[in-house]
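K.L.:
From the sequence below, what's the structure:
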Amino acid sequence: LPTVHPMSALRPLERQRLRSRLRGGRPPKNLHEVVEREGKQPHIFKPGDHFNYCSAGSQLVARAVEEASGMDIAEYMKQRLFEPAGMTDTGFVIDESLAANCVSTDYHPWVIPAVADGTPGTWWSRTRLRLRGLLARLRGKPFVELKAAGSGVISPKKLWDRSLELFHPEAGVVGTARDFVKWLAMLTNGGKCTDADGSESKF
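P.N.:
Below you'll find the model as predicted:
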């Protein structure tokens, strides 16, 4: 992504893939289609030769979990991770009663040009985004709101929209601060958490 690697630093194949994504077309409906499309892309380098920040790895692992479990990754994580840990307000889809607790997704103005480079849409829509970042810098604003409260980081749908089928394992889970504390407590307790009946579950 241009937010991590500037356009000028991208290899030819990386620029080609980015341009292909920016051209748009029908977006994938689910994780199966995401991985299927990724599999048709040429390798930028041989596995193990170089490190590059990307989401394809977590998407591939999540898709493997779906195949092995017979559940989509959202349901799998709900049943196997979040519910056993007592994280009832965490998931890829949340209850609408939590809407008032949602916050917007904001970016620092200096990052906006890179975000615009990687945002699908028309040339004009990306230019408007760059102008918003420039205006925010001139006005001294610390942040620019890109996603309204309640919208997913990647998906434009609301977080409580039950029609959601595409769950992004790399940037799709949302939750409350209270649930996050439970997650941290489990991690610092050797992967164990205390259930409601007082027994311990190990992850």
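
K.L.:
what's in contact with the helix or strand harbouring His32?
P.N.:
Per DSSP states H and E, His32 falls inside helix 31-39. Residues outside helix 31-39 that contact it (CB atoms under 8 Å, 6 or more residues apart in numbering) are Pro28, Ala56, Gln59, Leu60, Ala62, Arg63, Glu66, Asp72, Ile73, Leu166, Phe167, Pro169. (Each C-beta comes from the backbone N, C-alpha and C, glycine too.)

K.L.:
from those, which is closest to Gln41?
P.N.:
Ala56 (8.6 Å; CB to CB).

K.L.:
low pLDDT regions in the chain?
P.N.:
Along the chain, the model assigns pLDDT under 70 to residues 1-9, 21-25, 118, 120-121, 153, 156, 195-203.

K.L.:
thinking again about what came up before, extract the C-alpha trace of the helix holding His32 and format it as PDB.
P.N.:
Extracted C-alpha coordinates of helix 31-39, given in PDB (Å, rounded to 0.1, in the frame of the first residue of the first chain):
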ATOM      1  CA  LEU A  31     -12.900 -14.100   1.300                       C
ATOM      2  CA  HIS A  32     -12.900 -17.000  -1.200                       C
ATOM      3  CA  GLU A  33     -13.000 -14.600  -4.100                       C
ATOM      4  CA  VAL A  34     -10.300 -12.400  -2.500                       C
ATOM      5  CA  VAL A  35      -7.900 -15.300  -2.300                       C
ATOM      6  CA  GLU A  36      -8.800 -16.600  -5.700                       C
ATOM      7  CA  ARG A  37      -8.100 -13.200  -7.300                       C
ATOM      8  CA  GLU A  38      -4.800 -12.900  -5.300                       C
ATOM      9  CA  GLY A  39      -3.700 -16.300  -6.600                       C
END
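
K.L.:
If anything else comes up later, I'll come back, but that's it for now.
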